[in-house]
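**Q** Pasted the sequence and its predicted model underneath.
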Amino acid sequence: MRSIFGALVALTFAACLAGALSPAAAETVDVSGVAADDVLNLRAEPRADAPLVGALSPTAGGIEVVRRVEGWAYVKSGGQAGWASARFLLPVRTIEGGKPPLPLQCIGTEPFWALTIDTNGAAYSSPETKPLSARIVNIQQSRNTTIAWRVLLDGGPVASATIEARQACSDNMSDRVFPFRVHLETRDAQLLSGCCDLGQ
């Protein structure tokens, strides 16, 4: 009886040990917050003064994280591998169902405007106008990419908004980098360009 109990304890311990030593579940991230004219450096060790071994573009995505150490992540992407600062890496946003992730908060400068798009509709505003609501008539996904959409609107000054995900978009006013780019077509045939980020 003791031998059977001892064997069970040994097997349980071995299973727990194996689980503790097994690799963590795969984690996939995108580069975020890197300026459009810059890169995310990959280093030989998890420290800022370690030798450079590669670089990732500001729009790089689908990057595999092997392990993390105190603000650093050892990543693999496109034949490259090295340590990257974890503050510039965000979990991949899953985009499914042929529609953009919502809500989105979009802005443009010179002229200044703002557009919020959520599941209930859209609202456009500018320094000259109060928020104007619009109904979403249709959302069309691009025929040759899964990260671009055109949102058709009914009501308000904006006829449609074309949104592109996984971009390094700059508002030309700050150092902030947005993950979405947007182009608005107004009802008086103007084209306005700006950037978007996920809302709350």
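**A** Done, it's in.
**Q** From now on I want contacts and neighbour counts done on CA atoms only, so please keep to that.
**A** Noted.
**Q** residues near residue 164, how many?
**A** Using other CA atoms under 10 Å, residue 164 has 22 neighbouring residues.
**Q** hang on, it packs against residue 193?
**A** No. Using CA atoms under 8 Å, residue 164 makes no contact with residue 193, being 11.5 Å away.
**Q** Helices of the chain, residue ranges please.
**A** Secondary structure of the chain (DSSP state H): helices located at 2-21.
**Q** and it, what are its domains?
**A** Taking automatic domain parsing as the reference, the chain has its domains at 2-91, 104-198.
**Q** coming back round to it: if I look at residue 164 and residue 193, which residues touch both of them?
**A** By CA atoms under 8 Å, 6 or more residues apart in numbering, residue 164 and residue 193 have these common neighbours: 181, 182.
**Q** ok, back up a step: going by mean pLDDT, which of the domains of the chain comes out lowest?
**A** When the domains of the chain are ranked by mean pLDDT, domain 2-91 comes last with a mean of 79.
**Q** So what's the gap between that one and the chain middle?
**A** Chain-centre distance of domain 2-91: 18 Å, with CA atoms, centre = their mean, to the nearest Å.
**Q** For the residue nearest to residue 64 when sequence neighbours are not counted, give its distance to residue 115.
**A** Taking CA to CA, 6 or more residues apart in numbering, and ignoring the residues beside it in sequence, residue 64 has residue 28 as its nearest neighbour in space, at 4.8 Å. Residue 28 sits at a distance of 30 Å from residue 115 (criterion: CA to CA, to the nearest Å).
**Q** go on, residue 195?
**A** Per CA to CA, residue 195 is found 10 Å from residue 115.
**Q** shared neighbours, these two?
**A** Common neighbours of residue 195 and residue 115 (CA under 8 Å, 6+ apart) are 106, 107.
**Q** I'd guessed residue 134 sits against residue 156; true?
**A** Yes. Here residue 134 reaches residue 156: they are 5.5 Å apart, a contact under CA under 8 Å.
**Q** Can you check which residues contact both of those two?
**A** Common neighbours of residue 134 and residue 156 (criterion: CA under 8 Å, 6+ apart): 123, 124.
**Q** The two - which one has more neighbours?
**A** Set residue 134 next to residue 156 and count neighbours by other CA under 10 Å: residue 134 wins out with 20 against 17.
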